[in-house]
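# Okay, sequence plus prediction incoming.
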Amino acid sequence: MQLPINTKSAYTGIMLSFALILSYLESLVSFDMLFPGIKLGLSNFIVLIALYVFGPIFAFALCISKAVLSSLLFGSMAAMIYSLCGAVLSFAIMFVLYRCGDFHIPVISAAGGVFHNLGQFIAAVYIMKTFIPGFWALYLSVLIISGLTTGLITGFIAQLAFPYIKKIISKGDRI
């Protein structure tokens with residue numbers, strides 16, 4: 001969709017606000033007692049929409065801004081490191097699959113969820129400087145399953161909402 005740069009910037013700001021609201025809601029639902037690091041991935045919905053509506057540059061800026069701001073607002077500096085590692089790896093795979101053009105939104109979202117968890121896992125192994133093969137293999141399998149599940153759900157929601165959001169944005173201030 002061809003929009004002027006200032007319009008894209010304004011919508012990106014609005015989408016960042018929505019992403020932060022969803023991040024806050026995610027912070028209220030915690031699985032940290034069972035499996036630290038697992039989240040619902042609701043705010044990835046916004047990044048997916050931005051990728052399809054505004055393109056990769058704005059979506060990447062949104063992704064990084066969301067990771068930094070949500071960590072500052074609802075997490076910690078350690079959470080920011082994990083979040084940024086996951087966000088960069090997740091966005092990289094979503095961008096590659098998006099550019100291929102042969103994948104549906106839920107598949108791209110599921111891959112993003114899995115790679116987000118992989119990015120966080122790699123950061124954890126590096127920061128903790130420990131690697132316990134049996135434990136990490138079990139934990140990694142849990143992370144992959146949760147990333148796949150939450151990614152698919154988020155992707156289906158994004159796929160359902162995408163036509164409506166695109167229509168709203170294309171109308172702009174004529175609503």
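Nice, I can see it.
# roughly how far is the top helix by length along the chain from the heart of the chain?
Assignment by DSSP state H gives helix 133-171 as the longest helix of the chain. Offset of helix 133-171 from its chain centre (C-alpha atoms, centre = their mean, to the nearest Å): 8 Å.
# With Ile157 as the reference, measure out to the residue nearest the centre of the chain.
Most central in the chain under C-alpha atoms, centre = their mean is Asn44, positioned 3.2 Å from the mean C-alpha point. Distance, Asn44 to Ile157, using C-beta to C-beta, to the nearest Å: 10 Å. For every residue, glycine as well, the C-beta is placed using N, CA and C.
# and if you look at Ile5?
For Ile5 relative to Ile157 (C-beta to C-beta), the value is 28 Å.
# and the helix or strand that contains Gly119, how far out from the chain's middle?
Gly119 is part of helix 105-128 when elements are defined by DSSP states H and E. Between the centre of helix 105-128 and the centre of its host chain there is 10 Å, according to C-alpha atoms, centre = their mean.
# what's it packed up against?
helix 44-54, helix 77-100, helix 133-171 (3 or more C-beta pairs under 8 Å, 6 or more residues apart in numbering; DSSP states H and E).
# before we move on, back to that, if you count neighbours, what's buried in the longest helix of the chain?
139, 143-144, 146-159, 162, 165, 169 (16 or more other C-beta atoms under 10 Å).
# CA-only coordinates of stretch 123-133, as PDB, when you get a sec.
Extracted C-alpha coordinates of stretch 123-133, given in PDB (Å, rounded to 0.1, in the frame of the first residue of the first chain):
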ATOM      1  CA  ALA A 123      20.900 -15.500  24.500                       C
ATOM      2  CA  ALA A 124      20.300 -17.400  27.700                       C
ATOM      3  CA  VAL A 125      22.900 -20.000  26.900                       C
ATOM      4  CA  TYR A 126      25.400 -17.300  26.100                       C
ATOM      5  CA  ILE A 127      24.600 -15.200  29.200                       C
ATOM      6  CA  MET A 128      24.600 -18.100  31.700                       C
ATOM      7  CA  LYS A 129      27.700 -19.600  30.100                       C
ATOM      8  CA  THR A 130      26.200 -23.100  30.800                       C
ATOM      9  CA  PHE A 131      24.900 -25.700  28.600                       C
ATOM     10  CA  ILE A 132      23.300 -28.800  30.100                       C
ATOM     11  CA  PRO A 133      22.400 -31.000  27.100                       C
END
